[in-house]
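Asker: Return a 3D structure for these sequence lines:
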Amino acid sequence: MHRFRSALAAGVLAPTVLALLPVAATAAAPTAAAPTRYEAENAFLSQGAVATNHTGYSGSGFVDYTNVTGGYVEWTVTSAAAGPATLALRYANGTTADRRMEIKVNGTVASAGLSFPATTTWDTWANVTLTVQLKAGTNTVRATALTANGGPNADYLDVTPQSAGGGPAVPFGSHAFPYAAGTLRPSGTTAAVDQQVVDKYNSWKASFLKQNCGNGWYQVISPDADHPYVAEGQGYGLVITALMAGADPNAKTAFDGLVKYVLAHPSVNNANLLAAEQDTSCRSVNGSDSATDGDLDVAYGLLLADKQWGSAGTYNYKDLAIKHINAIKASEVNPTTHLMKLGDWSDSGDQYYWTTRSSDWMIDHFRAFRTATGDGAWDTIRTAHQNLITSQQSKYAASTGLLADFVVNTNTTPKPAAGQVLESPNDGDFGWNACRDPWRIGTDAVTSGDAASLASARKLNSWIKAKTGGNAGSVANGYHLNGSAFDTGSDMAFTAPFVVTAMTDPGSQTWLDALWSKLVATPISPSTYYGGSVQLQSMIVASGNYWVP
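Answerer: Prediction:
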(Lines give C-alpha, C1' and ligand atoms only; values in the text may rest on other atoms or scores of the structure.)
Protein backbone atom coordinates (compact mmCIF):
# COMPACT_ATOMS: atom_id res chain seq x y z
CA MET A 1 0.00 0.00 0.00
CA HIS A 2 1.17 3.50 -0.78
CA ARG A 3 2.92 5.13 2.20
CA PHE A 4 2.11 8.78 2.82
CA ARG A 5 4.32 11.60 3.88
CA SER A 6 3.76 13.16 7.29
CA ALA A 7 4.75 16.66 8.43
CA LEU A 8 4.87 15.86 12.11
CA ALA A 9 7.31 16.46 14.92
CA ALA A 10 9.41 13.56 16.14
CA GLY A 11 7.71 11.32 18.66
CA VAL A 12 4.21 12.34 17.59
CA LEU A 13 1.96 9.81 15.95
CA ALA A 14 1.80 10.50 12.19
CA PRO A 15 2.80 14.84 13.40
CA THR A 16 -16.17 46.24 5.70
CA VAL A 17 -12.97 45.63 3.88
CA LEU A 18 -10.38 48.40 3.41
CA ALA A 19 -8.36 48.38 0.24
CA LEU A 20 -4.60 47.84 0.22
CA LEU A 21 -2.09 49.79 -1.78
CA PRO A 22 -1.48 48.33 -5.25
CA VAL A 23 1.26 45.76 -5.66
CA ALA A 24 4.39 47.05 -7.32
CA ALA A 25 5.25 45.98 -10.83
CA THR A 26 7.97 43.41 -11.41
CA ALA A 27 11.40 44.95 -10.95
CA ALA A 28 14.35 44.35 -13.19
CA ALA A 29 17.03 42.13 -11.74
CA PRO A 30 19.41 44.33 -9.70
CA THR A 31 23.12 43.90 -9.44
CA ALA A 32 24.12 43.01 -5.91
CA ALA A 33 26.84 45.08 -4.26
CA ALA A 34 30.04 43.17 -3.53
CA PRO A 35 30.96 42.63 0.13
CA THR A 36 34.17 43.91 1.70
CA ARG A 37 35.88 41.30 3.86
CA TYR A 38 37.54 42.04 7.18
CA GLU A 39 39.47 39.12 8.65
CA ALA A 40 39.02 38.54 12.39
CA GLU A 41 42.75 37.92 12.93
CA ASN A 42 43.44 41.50 11.80
CA ALA A 43 40.86 43.05 14.16
CA PHE A 44 41.36 44.39 17.69
CA LEU A 45 41.02 41.55 20.19
CA SER A 46 40.14 41.48 23.88
CA GLN A 47 40.22 38.11 25.66
CA GLY A 48 40.73 36.19 22.45
CA ALA A 49 43.63 34.94 20.36
CA VAL A 50 44.46 34.12 16.77
CA ALA A 51 44.45 30.37 16.14
CA THR A 52 44.97 27.95 13.26
CA ASN A 53 44.13 24.57 14.85
CA HIS A 54 40.94 24.00 12.84
CA THR A 55 40.42 23.76 9.10
CA GLY A 56 38.34 25.70 6.61
CA TYR A 57 39.12 29.23 7.78
CA SER A 58 39.80 32.21 5.54
CA GLY A 59 42.96 34.29 5.62
CA SER A 60 45.81 33.45 7.98
CA GLY A 61 43.71 32.17 10.88
CA PHE A 62 40.67 32.78 13.02
CA VAL A 63 39.93 34.18 16.49
CA ASP A 64 39.37 31.82 19.41
CA TYR A 65 37.51 33.65 22.17
CA THR A 66 38.70 33.06 25.74
CA ASN A 67 36.11 31.09 27.73
CA VAL A 68 34.80 34.07 29.67
CA THR A 69 32.00 36.59 29.31
CA GLY A 70 33.02 39.94 27.85
CA GLY A 71 35.71 39.02 25.33
CA TYR A 72 35.32 40.76 22.02
CA VAL A 73 36.52 41.21 18.47
CA GLU A 74 36.32 44.77 17.11
CA TRP A 75 36.64 45.45 13.41
CA THR A 76 37.25 48.87 11.88
CA VAL A 77 35.28 49.10 8.66
CA THR A 78 34.83 51.85 6.11
CA SER A 79 31.74 52.92 4.20
CA ALA A 80 31.67 55.18 1.17
CA ALA A 81 28.33 56.63 2.25
CA ALA A 82 25.96 56.60 5.18
CA GLY A 83 23.17 54.03 4.96
CA PRO A 84 22.16 50.44 5.66
CA ALA A 85 24.58 47.57 5.26
CA THR A 86 24.45 43.83 5.82
CA LEU A 87 27.01 42.33 8.17
CA ALA A 88 27.81 38.65 7.74
CA LEU A 89 29.98 37.13 10.48
CA ARG A 90 31.47 33.75 9.62
CA TYR A 91 31.86 31.54 12.66
CA ALA A 92 32.21 28.00 13.94
CA ASN A 93 30.69 26.53 17.12
CA GLY A 94 31.61 22.92 17.80
CA THR A 95 29.60 22.70 21.01
CA THR A 96 25.90 22.00 21.46
CA ALA A 97 25.23 25.36 23.18
CA ASP A 98 24.33 28.66 21.51
CA ARG A 99 27.20 31.14 22.00
CA ARG A 100 25.24 34.37 21.79
CA MET A 101 27.01 37.72 21.30
CA GLU A 102 26.17 41.40 21.59
CA ILE A 103 26.85 43.34 18.39
CA LYS A 104 27.63 47.06 18.66
CA VAL A 105 28.12 49.43 15.75
CA ASN A 106 29.91 52.68 16.60
CA GLY A 107 29.20 51.99 20.28
CA THR A 108 25.44 51.50 19.79
CA VAL A 109 23.84 48.09 20.31
CA ALA A 110 22.65 46.66 17.02
CA SER A 111 21.74 43.28 18.50
CA ALA A 112 21.62 42.64 22.24
CA GLY A 113 21.94 38.88 21.89
CA LEU A 114 22.64 37.60 18.39
CA SER A 115 22.41 33.83 18.14
CA PHE A 116 25.42 31.75 17.09
CA PRO A 117 24.06 28.19 17.29
CA ALA A 118 26.02 24.97 16.98
CA THR A 119 27.64 24.18 13.62
CA THR A 120 28.27 20.51 14.53
CA THR A 121 32.10 20.71 14.54
CA TRP A 122 34.80 23.39 14.91
CA ASP A 123 35.77 22.74 11.29
CA THR A 124 32.25 23.58 10.08
CA TRP A 125 31.64 27.25 9.35
CA ALA A 126 28.39 29.21 8.98
CA ASN A 127 27.32 32.83 8.50
CA VAL A 128 25.13 34.90 10.83
CA THR A 129 23.80 38.13 9.33
CA LEU A 130 22.21 41.35 10.49
CA THR A 131 21.36 44.68 8.90
CA VAL A 132 22.83 47.83 10.49
CA GLN A 133 23.27 51.54 9.77
CA LEU A 134 26.77 52.72 8.93
CA LYS A 135 28.05 56.28 8.74
CA ALA A 136 30.20 57.60 5.94
CA GLY A 137 33.88 56.93 6.63
CA THR A 138 35.20 54.85 9.53
CA ASN A 139 32.96 52.61 11.65
CA THR A 140 33.55 50.10 14.41
CA VAL A 141 31.79 46.76 14.72
CA ARG A 142 32.27 44.93 18.03
CA ALA A 143 31.13 41.34 18.75
CA THR A 144 31.16 40.67 22.51
CA ALA A 145 30.71 37.23 24.07
CA LEU A 146 27.70 36.93 26.39
CA THR A 147 28.27 33.42 27.72
CA ALA A 148 30.75 32.03 30.22
CA ASN A 149 32.06 29.82 27.41
CA GLY A 150 33.03 32.90 25.40
CA GLY A 151 32.03 33.46 21.81
CA PRO A 152 32.24 31.16 18.81
CA ASN A 153 35.40 30.99 16.73
CA ALA A 154 35.28 34.05 14.44
CA ASP A 155 36.69 33.86 10.91
CA TYR A 156 35.76 37.12 9.20
CA LEU A 157 33.22 39.91 8.82
CA ASP A 158 31.74 40.65 5.38
CA VAL A 159 30.16 44.10 4.96
CA THR A 160 27.75 44.65 2.07
CA PRO A 161 26.24 48.11 1.52
CA GLN A 162 22.58 48.09 0.55
CA SER A 163 23.00 50.86 -1.98
CA ALA A 164 20.34 52.00 -4.43
CA GLY A 165 20.08 49.54 -7.30
CA GLY A 166 21.94 46.86 -5.35
CA GLY A 167 20.26 43.90 -3.73
CA PRO A 168 16.71 42.66 -3.94
CA ALA A 169 13.76 44.76 -5.09
CA VAL A 170 11.94 44.21 -1.77
CA PRO A 171 14.65 43.89 0.87
CA PHE A 172 13.67 42.53 4.25
CA GLY A 173 12.78 45.42 6.55
CA SER A 174 11.55 47.68 3.76
CA HIS A 175 7.88 47.10 4.71
CA ALA A 176 6.99 48.04 1.14
CA PHE A 177 3.59 46.34 1.18
CA PRO A 178 1.33 47.71 3.94
CA TYR A 179 -1.12 45.35 5.60
CA ALA A 180 -4.88 45.96 5.81
CA ALA A 181 -5.91 49.02 7.80
CA GLY A 182 -6.32 48.27 11.49
CA THR A 183 -3.86 45.38 11.56
CA LEU A 184 -1.92 45.22 14.81
CA ARG A 185 1.84 44.74 15.05
CA PRO A 186 4.03 43.69 17.99
CA SER A 187 4.94 46.55 20.35
CA GLY A 188 8.44 47.97 20.04
CA THR A 189 10.33 49.82 17.36
CA THR A 190 10.16 48.48 13.83
CA ALA A 191 13.93 48.06 13.78
CA ALA A 192 13.92 46.03 17.00
CA VAL A 193 11.12 43.76 15.83
CA ASP A 194 12.81 43.23 12.47
CA GLN A 195 16.10 42.34 14.14
CA GLN A 196 14.35 39.76 16.29
CA VAL A 197 13.17 38.11 13.11
CA VAL A 198 16.64 38.24 11.57
CA ASP A 199 18.10 36.66 14.70
CA LYS A 200 15.58 33.83 14.48
CA TYR A 201 16.26 33.42 10.77
CA ASN A 202 19.96 33.04 11.42
CA SER A 203 19.23 30.27 13.91
CA TRP A 204 16.87 28.57 11.49
CA LYS A 205 19.35 28.85 8.64
CA ALA A 206 22.24 27.46 10.67
CA SER A 207 20.09 24.55 11.82
CA PHE A 208 18.28 23.50 8.67
CA LEU A 209 19.64 25.05 5.44
CA LYS A 210 22.27 22.59 4.29
CA GLN A 211 24.48 21.54 1.38
CA ASN A 212 24.74 17.88 2.25
CA CYS A 213 24.52 16.24 -1.16
CA GLY A 214 26.81 18.26 -3.44
CA ASN A 215 25.77 19.17 -6.99
CA GLY A 216 25.45 22.83 -6.02
CA TRP A 217 22.23 21.94 -4.24
CA TYR A 218 20.88 23.50 -1.09
CA GLN A 219 18.38 21.51 0.95
CA VAL A 220 16.23 22.12 4.02
CA ILE A 221 16.77 19.17 6.32
CA SER A 222 13.90 17.83 8.41
CA PRO A 223 15.26 15.68 11.25
CA ASP A 224 11.83 15.38 12.89
CA ALA A 225 9.91 14.33 9.76
CA ASP A 226 9.68 10.79 8.45
CA HIS A 227 12.39 11.47 5.86
CA PRO A 228 15.50 13.72 5.98
CA TYR A 229 14.26 15.89 3.13
CA VAL A 230 10.58 16.58 2.41
CA ALA A 231 8.89 18.75 -0.22
CA GLU A 232 7.26 20.88 2.46
CA GLY A 233 10.71 21.81 3.76
CA GLN A 234 12.06 22.83 0.37
CA GLY A 235 8.95 24.98 -0.15
CA TYR A 236 9.50 26.64 3.20
CA GLY A 237 13.13 27.26 2.27
CA LEU A 238 12.28 28.96 -1.01
CA VAL A 239 9.68 31.26 0.58
CA ILE A 240 11.87 32.10 3.57
CA THR A 241 15.08 32.88 1.65
CA ALA A 242 13.18 35.05 -0.87
CA LEU A 243 11.53 37.04 1.93
CA MET A 244 14.78 37.40 3.93
CA ALA A 245 16.78 38.74 0.96
CA GLY A 246 18.38 42.00 2.01
CA ALA A 247 19.01 40.72 5.52
CA ASP A 248 20.97 37.78 4.13
CA PRO A 249 23.52 38.58 1.39
CA ASN A 250 23.59 34.87 0.52
CA ALA A 251 19.81 34.61 0.02
CA LYS A 252 19.87 34.41 -3.77
CA THR A 253 22.65 31.84 -3.79
CA ALA A 254 20.74 29.68 -1.35
CA PHE A 255 17.50 30.19 -3.26
CA ASP A 256 19.08 29.12 -6.54
CA GLY A 257 20.61 26.09 -4.83
CA LEU A 258 17.15 25.10 -3.58
CA VAL A 259 15.72 25.59 -7.08
CA LYS A 260 18.42 23.34 -8.49
CA TYR A 261 17.52 20.68 -5.93
CA VAL A 262 13.79 20.94 -6.71
CA LEU A 263 14.38 20.60 -10.45
CA ALA A 264 16.54 17.52 -9.86
CA HIS A 265 13.76 15.75 -7.95
CA PRO A 266 10.62 15.74 -10.12
CA SER A 267 7.50 13.78 -9.26
CA VAL A 268 7.03 10.61 -11.28
CA ASN A 269 3.45 11.65 -12.06
CA ASN A 270 4.06 15.23 -13.19
CA ALA A 271 7.62 16.36 -13.88
CA ASN A 272 6.72 19.97 -13.08
CA LEU A 273 5.98 19.01 -9.48
CA LEU A 274 8.38 18.02 -6.69
CA ALA A 275 8.82 14.51 -5.37
CA ALA A 276 7.70 14.50 -1.75
CA GLU A 277 10.56 12.71 0.03
CA GLN A 278 14.29 12.08 -0.22
CA ASP A 279 16.65 9.96 1.86
CA THR A 280 19.99 10.88 3.45
CA SER A 281 21.65 10.66 0.03
CA CYS A 282 19.04 13.01 -1.47
CA ARG A 283 17.50 10.22 -3.55
CA SER A 284 13.73 10.36 -4.02
CA VAL A 285 11.97 7.51 -2.22
CA ASN A 286 8.55 6.21 -1.24
CA GLY A 287 7.02 6.38 -4.68
CA SER A 288 8.56 9.70 -5.77
CA ASP A 289 5.16 11.33 -6.09
CA SER A 290 4.14 14.77 -4.85
CA ALA A 291 2.80 16.46 -1.72
CA THR A 292 0.49 19.40 -2.34
CA ASP A 293 1.69 21.74 0.41
CA GLY A 294 5.29 21.57 -0.79
CA ASP A 295 4.32 22.36 -4.36
CA LEU A 296 2.17 25.34 -3.32
CA ASP A 297 5.11 26.91 -1.49
CA VAL A 298 7.60 26.08 -4.27
CA ALA A 299 5.42 27.94 -6.79
CA TYR A 300 4.90 30.83 -4.38
CA GLY A 301 8.61 31.09 -3.64
CA LEU A 302 9.39 31.27 -7.35
CA LEU A 303 6.93 34.14 -7.76
CA LEU A 304 8.60 35.98 -4.87
CA ALA A 305 11.99 35.45 -6.51
CA ASP A 306 10.77 36.87 -9.81
CA LYS A 307 9.76 40.06 -7.98
CA GLN A 308 12.98 40.16 -5.96
CA TRP A 309 15.62 39.48 -8.60
CA GLY A 310 13.87 39.31 -11.96
CA SER A 311 13.96 36.26 -14.20
CA ALA A 312 16.91 37.01 -16.50
CA GLY A 313 19.52 35.13 -14.45
CA THR A 314 20.42 31.46 -14.10
CA TYR A 315 16.79 30.53 -13.67
CA ASN A 316 13.70 32.02 -15.26
CA TYR A 317 11.77 32.11 -12.00
CA LYS A 318 8.55 33.34 -13.60
CA ASP A 319 8.51 30.62 -16.23
CA LEU A 320 9.24 27.93 -13.64
CA ALA A 321 6.52 29.33 -11.38
CA ILE A 322 3.91 29.28 -14.15
CA LYS A 323 4.81 25.69 -15.05
CA HIS A 324 4.53 24.67 -11.40
CA ILE A 325 1.22 26.50 -10.92
CA ASN A 326 -0.27 24.90 -14.01
CA ALA A 327 0.94 21.50 -12.84
CA ILE A 328 -0.69 22.03 -9.44
CA LYS A 329 -3.98 22.86 -11.16
CA ALA A 330 -3.73 19.82 -13.43
CA SER A 331 -2.60 17.24 -10.86
CA GLU A 332 -3.37 18.47 -7.35
CA VAL A 333 -6.76 20.21 -7.65
CA ASN A 334 -9.93 18.13 -7.65
CA PRO A 335 -11.70 19.27 -10.85
CA THR A 336 -15.15 18.65 -9.36
CA THR A 337 -14.86 20.28 -5.95
CA HIS A 338 -12.04 22.72 -6.87
CA LEU A 339 -10.37 21.74 -3.60
CA MET A 340 -6.76 20.70 -3.11
CA LYS A 341 -6.06 16.99 -3.26
CA LEU A 342 -3.41 15.42 -1.02
CA GLY A 343 -0.96 14.96 -3.89
CA ASP A 344 -0.66 14.07 -7.55
CA TRP A 345 -1.00 10.38 -6.66
CA SER A 346 -4.70 10.71 -5.82
CA ASP A 347 -7.12 10.09 -8.70
CA SER A 348 -10.81 9.34 -9.19
CA GLY A 349 -10.35 5.68 -8.26
CA ASP A 350 -8.53 6.50 -5.04
CA GLN A 351 -10.16 6.31 -1.60
CA TYR A 352 -8.68 9.73 -0.76
CA TYR A 353 -9.97 11.51 -3.86
CA TRP A 354 -12.71 13.29 -1.88
CA THR A 355 -10.40 14.12 1.05
CA THR A 356 -8.58 17.44 1.52
CA ARG A 357 -6.04 18.64 4.10
CA SER A 358 -6.84 22.00 5.75
CA SER A 359 -3.19 23.07 5.91
CA ASP A 360 -3.16 23.05 2.07
CA TRP A 361 -5.80 25.80 1.94
CA MET A 362 -3.35 28.65 1.26
CA ILE A 363 -5.67 31.48 0.23
CA ASP A 364 -2.98 34.12 -0.37
CA HIS A 365 -1.11 31.68 -2.63
CA PHE A 366 -4.22 31.22 -4.77
CA ARG A 367 -4.48 35.02 -5.13
CA ALA A 368 -0.85 35.17 -6.27
CA PHE A 369 -1.39 32.33 -8.74
CA ARG A 370 -4.36 34.18 -10.25
CA THR A 371 -2.26 37.33 -10.67
CA ALA A 372 0.68 35.47 -12.18
CA THR A 373 -1.24 33.33 -14.65
CA GLY A 374 -4.34 35.42 -15.39
CA ASP A 375 -6.27 32.16 -15.01
CA GLY A 376 -9.71 32.79 -13.47
CA ALA A 377 -9.81 29.20 -12.26
CA TRP A 378 -7.75 30.31 -9.29
CA ASP A 379 -10.57 32.64 -8.22
CA THR A 380 -12.90 29.64 -8.27
CA ILE A 381 -10.38 27.56 -6.31
CA ARG A 382 -9.84 30.32 -3.75
CA THR A 383 -13.58 30.85 -3.24
CA ALA A 384 -14.18 27.11 -2.83
CA HIS A 385 -11.63 26.93 -0.04
CA GLN A 386 -12.87 30.07 1.71
CA ASN A 387 -16.44 28.75 1.60
CA LEU A 388 -15.26 25.44 3.05
CA ILE A 389 -13.38 27.16 5.87
CA THR A 390 -16.45 29.23 6.74
CA SER A 391 -18.84 26.27 6.63
CA GLN A 392 -16.58 23.92 8.59
CA GLN A 393 -16.14 26.52 11.32
CA SER A 394 -19.88 27.14 11.48
CA LYS A 395 -21.04 23.49 11.42
CA TYR A 396 -18.38 21.72 13.43
CA ALA A 397 -16.55 24.32 15.53
CA ALA A 398 -18.96 27.18 16.15
CA SER A 399 -17.43 28.00 19.53
CA THR A 400 -13.75 27.64 18.53
CA GLY A 401 -13.31 28.15 14.77
CA LEU A 402 -10.94 25.18 14.72
CA LEU A 403 -10.51 23.12 11.58
CA ALA A 404 -9.71 19.45 11.27
CA ASP A 405 -6.48 18.08 9.86
CA PHE A 406 -8.50 16.29 7.17
CA VAL A 407 -11.97 16.89 5.73
CA VAL A 408 -13.70 13.99 3.97
CA ASN A 409 -16.77 13.52 1.76
CA THR A 410 -16.05 16.74 -0.12
CA ASN A 411 -18.22 15.54 -3.03
CA THR A 412 -21.34 15.35 -0.84
CA THR A 413 -21.34 16.75 2.70
CA PRO A 414 -17.81 17.78 3.71
CA LYS A 415 -17.05 16.92 7.32
CA PRO A 416 -14.07 16.32 9.62
CA ALA A 417 -12.57 12.87 9.37
CA ALA A 418 -14.01 10.35 11.82
CA GLY A 419 -10.87 8.92 13.37
CA GLN A 420 -7.89 7.88 11.30
CA VAL A 421 -8.12 8.25 7.54
CA LEU A 422 -4.47 8.95 6.72
CA GLU A 423 -2.14 9.68 9.62
CA SER A 424 -3.56 9.27 13.13
CA PRO A 425 -6.72 8.71 15.20
CA ASN A 426 -6.87 12.51 15.51
CA ASP A 427 -7.21 13.17 11.77
CA GLY A 428 -10.58 14.80 12.49
CA ASP A 429 -9.10 17.11 15.11
CA PHE A 430 -6.98 20.27 15.17
CA GLY A 431 -3.68 18.41 15.06
CA TRP A 432 -0.20 18.51 13.57
CA ASN A 433 -1.44 19.59 10.13
CA ALA A 434 -4.25 22.00 11.02
CA CYS A 435 -2.03 23.72 13.61
CA ARG A 436 -0.74 25.82 10.69
CA ASP A 437 -4.23 27.07 9.75
CA PRO A 438 -4.24 30.20 11.98
CA TRP A 439 -1.01 31.31 10.28
CA ARG A 440 -2.31 30.62 6.77
CA ILE A 441 -5.80 32.10 7.27
CA GLY A 442 -4.47 35.05 9.27
CA THR A 443 -1.88 35.82 6.60
CA ASP A 444 -4.55 36.25 3.95
CA ALA A 445 -6.62 38.36 6.36
CA VAL A 446 -3.83 40.86 7.08
CA THR A 447 -2.46 41.04 3.52
CA SER A 448 -5.76 41.16 1.59
CA GLY A 449 -8.23 42.55 4.13
CA ASP A 450 -10.70 39.97 2.83
CA ALA A 451 -13.88 39.83 4.95
CA ALA A 452 -14.17 36.03 4.94
CA SER A 453 -10.55 35.44 5.96
CA LEU A 454 -10.79 38.19 8.58
CA ALA A 455 -13.91 36.63 10.13
CA SER A 456 -12.34 33.16 10.20
CA ALA A 457 -9.11 34.45 11.74
CA ARG A 458 -10.95 36.41 14.42
CA LYS A 459 -12.93 33.33 15.44
CA LEU A 460 -9.71 31.46 16.03
CA ASN A 461 -8.13 34.36 17.89
CA SER A 462 -11.10 34.94 20.21
CA TRP A 463 -11.20 31.30 21.18
CA ILE A 464 -7.49 30.73 21.85
CA LYS A 465 -7.13 33.98 23.79
CA ALA A 466 -9.98 32.93 26.08
CA LYS A 467 -8.86 29.31 26.26
CA THR A 468 -5.37 30.22 27.48
CA GLY A 469 -6.44 33.18 29.64
CA GLY A 470 -3.93 35.24 27.68
CA ASN A 471 -1.04 32.96 28.68
CA ALA A 472 1.03 32.34 25.54
CA GLY A 473 2.69 29.38 27.22
CA SER A 474 -0.59 27.50 27.60
CA VAL A 475 -1.30 26.59 23.98
CA ALA A 476 -1.56 22.80 23.85
CA ASN A 477 -0.33 20.40 21.18
CA GLY A 478 -3.73 19.45 19.79
CA TYR A 479 -7.40 20.16 20.34
CA HIS A 480 -10.70 18.50 19.56
CA LEU A 481 -12.92 20.82 17.54
CA ASN A 482 -14.95 21.62 20.69
CA GLY A 483 -11.81 23.15 22.20
CA SER A 484 -10.80 20.43 24.65
CA ALA A 485 -7.13 19.49 24.46
CA PHE A 486 -6.17 15.93 23.55
CA ASP A 487 -2.44 16.36 24.09
CA THR A 488 -0.06 18.26 26.35
CA GLY A 489 3.13 20.17 25.64
CA SER A 490 3.66 23.52 23.97
CA ASP A 491 5.26 23.14 20.55
CA MET A 492 5.88 26.22 18.39
CA ALA A 493 3.98 24.55 15.55
CA PHE A 494 0.82 25.11 17.60
CA THR A 495 1.71 28.32 19.46
CA ALA A 496 3.34 30.45 16.76
CA PRO A 497 0.49 30.53 14.19
CA PHE A 498 -1.82 32.28 16.66
CA VAL A 499 0.43 35.36 16.63
CA VAL A 500 -0.91 36.02 13.12
CA THR A 501 -4.59 35.72 14.00
CA ALA A 502 -4.00 38.02 17.00
CA MET A 503 -3.02 40.77 14.54
CA THR A 504 -6.59 40.84 13.17
CA ASP A 505 -8.29 41.92 16.42
CA PRO A 506 -7.98 45.57 17.57
CA GLY A 507 -8.56 44.43 21.16
CA SER A 508 -5.74 41.91 21.23
CA GLN A 509 -2.59 44.04 21.54
CA THR A 510 -1.67 42.59 24.93
CA TRP A 511 -2.30 39.07 23.69
CA LEU A 512 -0.29 39.71 20.52
CA ASP A 513 2.63 41.03 22.57
CA ALA A 514 2.50 38.01 24.87
CA LEU A 515 2.66 35.66 21.91
CA TRP A 516 5.44 37.65 20.25
CA SER A 517 7.50 37.62 23.43
CA LYS A 518 7.03 33.86 23.66
CA LEU A 519 8.21 33.37 20.08
CA VAL A 520 11.22 35.64 20.54
CA ALA A 521 12.23 33.89 23.77
CA THR A 522 11.89 30.36 22.39
CA PRO A 523 15.09 29.24 20.65
CA ILE A 524 15.01 27.18 17.49
CA SER A 525 16.33 23.72 18.17
CA PRO A 526 18.28 21.91 15.42
CA SER A 527 16.11 18.86 16.13
CA THR A 528 12.71 20.52 15.59
CA TYR A 529 12.59 21.64 11.96
CA TYR A 530 8.80 21.67 11.79
CA GLY A 531 8.05 23.88 14.79
CA GLY A 532 11.05 26.10 14.04
CA SER A 533 10.00 26.66 10.44
CA VAL A 534 6.42 27.52 11.42
CA GLN A 535 7.74 29.78 14.19
CA LEU A 536 10.01 31.75 11.84
CA GLN A 537 7.39 32.16 9.13
CA SER A 538 4.76 33.29 11.63
CA MET A 539 7.24 35.89 12.91
CA ILE A 540 7.97 37.12 9.38
CA VAL A 541 4.25 37.77 8.89
CA ALA A 542 3.72 39.32 12.34
CA SER A 543 6.67 41.70 11.85
CA GLY A 544 5.10 43.14 8.68
CA ASN A 545 7.71 41.66 6.34
CA TYR A 546 5.46 39.31 4.38
CA TRP A 547 4.05 40.25 0.99
CA VAL A 548 2.03 38.73 -1.83
CA PRO A 549 3.63 38.86 -5.31
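Asker: quick one: the strands in the stretch 151-300 of the chain?
Answerer: All strands of the stretch 151-300 of the chain, identified by DSSP state E, counting those that start in this stretch, fall at 153-161, 209-210, 219-220, 229-230, 277-278.
Asker: just so I know, which of the ones you listed lies nearest residue 383?
Answerer: Each of the strands of the stretch 151-300 of the chain was scored for nearness to residue 383 using Cβ to Cβ, and the closest is strand 229-230 (29.5 Å). C-beta: built from backbone N, CA, C; applies to glycine.
Asker: on contacts alone, who are the packing partners of the closest one?
Answerer: strand 277-278 (3 or more Cβ pairs under 8 Å, 6 or more residues apart in numbering; DSSP states H and E).
Asker: those strands in the stretch 401-549 of the chain, which residues are they?
Answerer: Ranges of strands in the stretch 401-549 of the chain, per DSSP E, counting those that start in this stretch, are 406-408, 415-416.
Asker: any idea which of the ones you listed is most buried?
Answerer: strand 406-408 (a mean of 25; mean count of other Cβ atoms under 10 Å).
Asker: Packing partners of it?
Answerer: Taking 3+ Cβ pairs under 8 Å, 6+ apart as contact, the helices and strands that strand 406-408 lies on are strand 356-357, strand 415-416.
Asker: Put together a markdown table for those strands, with mean pLDDT and distance to residue 67 on each row.
Answerer: Output for these, formatted as a markdown table (pLDDT from 0 to 100; distance: least, Cβ to Cβ, whole Å):
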| stretch | mean pLDDT | distance to residue 67 |
| --- | --- | --- |
| strand 356-357 | 98 | 49 |
| strand 415-416 | 98 | 55 |
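Asker: Between those, which one is closest to residue 491.
Answerer: When these are ranked by proximity to residue 491, the top entry is strand 356-357, at 18.7 Å, counting by Cβ to Cβ.
Asker: Report the mean confidence score over whichever helix or strand comes after that closest one.
Answerer: Downstream of strand 356-357, the first helix or strand assigned by DSSP states H and E is helix 363-373. Summarised as a single mean, pLDDT over helix 363-373 is 97.
Asker: in stretch 110-119, what's buried?
Answerer: Within stretch 110-119, the residues that qualify as buried by neighbour count (16 or more other Cβ atoms under 10 Å) are 110-111, 114-119.
Asker: which residues are in contact with it?
Answerer: Residues outside stretch 110-119 that contact it (Cβ atoms under 8 Å, 6 or more residues apart in numbering): 91-104, 125-126, 128, 130, 132, 143, 146, 151-152, 195, 199-200, 202-203, 206-207, 523-524, 526.
Asker: distance between the ends of that stretch?
Answerer: 23 Å (Cα to Cα, to the nearest Å).
Asker: and what of stretch 62-71?
Answerer: From the first residue to the last, stretch 62-71 extends over 15 Å; the measure is Cα to Cα.
Asker: Quick one: distance of it to the chain centre.
Answerer: On the basis of Cα atoms, centre = their mean, to the nearest Å, stretch 62-71 is displaced by 32 Å from the centre of the chain it belongs to.
Asker: Give the closest residue to residue 139 in space, chain neighbours not counted.
Answerer: Ranked by Cβ to Cβ, 6 or more residues apart in numbering and with sequence neighbours excluded, the top spatial neighbour of residue 139 is residue 77, at 5.1 Å.
Asker: hang on, that neighbour in a strand?
Answerer: Yes - secondary structure assignment (DSSP: H, G, I helix; E, B strand; the rest coil) places residue 77 inside a strand.
Asker: Now do the same contact list for it.
Answerer: 36, 38, 134, 138-141, 157, 159.
Asker: Likewise for residue 370?
Answerer: Neighbour list for residue 370: 376, 378-379, 382 [criterion: Cβ under 8 Å, 6+ apart].
Asker: Could you do residue 129 as well?
Answerer: With contacts defined as Cβ under 8 Å, 6+ apart, the neighbours of residue 129 are 86-89, 198, 202, 247-250.
Asker: Now do the helices in the stretch 401-549 of the chain.
Answerer: Secondary structure of the stretch 401-549 of the chain (DSSP state H, counting those that start in this stretch): helices located at 437-448, 451-468, 492-495, 498-502, 509-521, 529-542.
Asker: okay, who's weakest in the contacts of residue 77 by pLDDT?
Answerer: Comparing pLDDT over the contacts of residue 77, residue 134 scores lowest. The value there is 88.
Asker: How much space separates the residue lying closest to that residue once chain neighbours are set aside from residue 136?
Answerer: Among residues not flanking residue 134 along the chain, residue 79 sits closest, at 4.1 Å (Cβ to Cβ, 6+ apart). With distances defined as Cβ to Cβ, to the nearest Å, the gap from residue 79 to residue 136 amounts to 6 Å.
Asker: Looking at the two, which is more packed in?
Answerer: Comparing residue 79 with residue 136 by neighbour count (other Cβ atoms under 10 Å), the higher total belongs to residue 79, at 17 against 11.
Asker: If the more buried one is in a bridge, with which residues?
Answerer: Listed by DSSP bridges, the beta-bridge partners for residue 79 are residue 137.
Asker: Pretty sure it sits against residue 161.
Answerer: Yes - Residue 79 lies in contact with residue 161 (Cβ atoms under 8 Å); the separation is 6.4 Å.
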